[in-house]
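A.B. asks: take this sequence and fold it.
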Amino acid sequence: MTSHYNKLKNIFENSLVDQDIILIITNTSVKNTIAILISYICKGQVIITKFVHYAINITSMEAKLFVIRCRINQVVQLQDIAHIIVITDAILAAKQIFDTSIHPYQLHSITISKDFGCFFKKNPNNVIVIT
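C.D. replies: Numbering: from 1, shown residues only. Here you go, the predicted structure:
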């Protein structure tokens, strides 16, 4: 737990120093078929947007991919961003983004991949990290 905390602390401190870094922080909770999706987009110490969304009759995986997809789509539209860091409690969902095989969440993966393509066309040295 301590090493994880230190890693997150270092990521945050680096984002304060480098203004090309943007953080996407997401959390998703599903209870009784109602999903609550919360995310923040931060640049330095400034919260650019806060997103709270409710969905009914959605799986946990779909909800987690949806919130990551929405935030990435919004962030790649911003100017002067070279490094996107996604902090999520949904590492298994995030891995689905990079899964090129056929799977039930492929629509989300395709959409996010298109957004990544736009981001890398701006500058091939841009970086995306999911942690």
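
A.B. asks: now do the phi/psi pair for Val52.
C.D. replies: phi -120, psi 120 (degrees, to the nearest 10).

A.B. asks: and the closest residue in space to it that isn't next to it in sequence, helix, strand or coil?
C.D. replies: Closest residue to Val52 apart from its sequence neighbours, by C-beta to C-beta, 6 or more residues apart in numbering: Ile38 at 5.3 Å. In short, each C-beta sits where N, CA and C put it, glycine included. Of the three states, Ile38 takes strand under DSSP: H, G, I helix; E, B strand; the rest coil.

A.B. asks: and Ile38, how many residues sit next to it?
C.D. replies: 14 (other C-beta atoms under 10 Å).

A.B. asks: correct me if wrong: it contacts Asn27.
C.D. replies: Yes. Taking C-beta atoms under 8 Å as the definition, Ile38 is a contact partner of Asn27 at 5.0 Å.

A.B. asks: and the strands in this protein?
C.D. replies: Using DSSP state E, the strands of the chain run over 21-31, 34-43, 46-56, 83-87, 127-130.

A.B. asks: is it possible to export those strands to JSON lines including distance to Lys121?
C.D. replies: Formatted as JSON lines, these follow (distance: least, C-beta to C-beta, whole Å):
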{"stretch": "strand 21-31", "distance to Lys121": "17"}
{"stretch": "strand 34-43", "distance to Lys121": "21"}
{"stretch": "strand 46-56", "distance to Lys121": "22"}
{"stretch": "strand 83-87", "distance to Lys121": "14"}
{"stretch": "strand 127-130", "distance to Lys121": "13"}
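
A.B. asks: and these, which one is worst for confidence?
C.D. replies: Among the strands of the chain, strand 127-130 carries the lowest mean pLDDT, at a mean of 84.

A.B. asks: would you mark the buried spots in it?
C.D. replies: 128, 130 (16 or more other C-beta atoms under 10 Å).

A.B. asks: what comes into contact with stretch 2-19?
C.D. replies: 21-23, 42-45, 80, 83, 85, 87, 131 (C-beta atoms under 8 Å, 6 or more residues apart in numbering).
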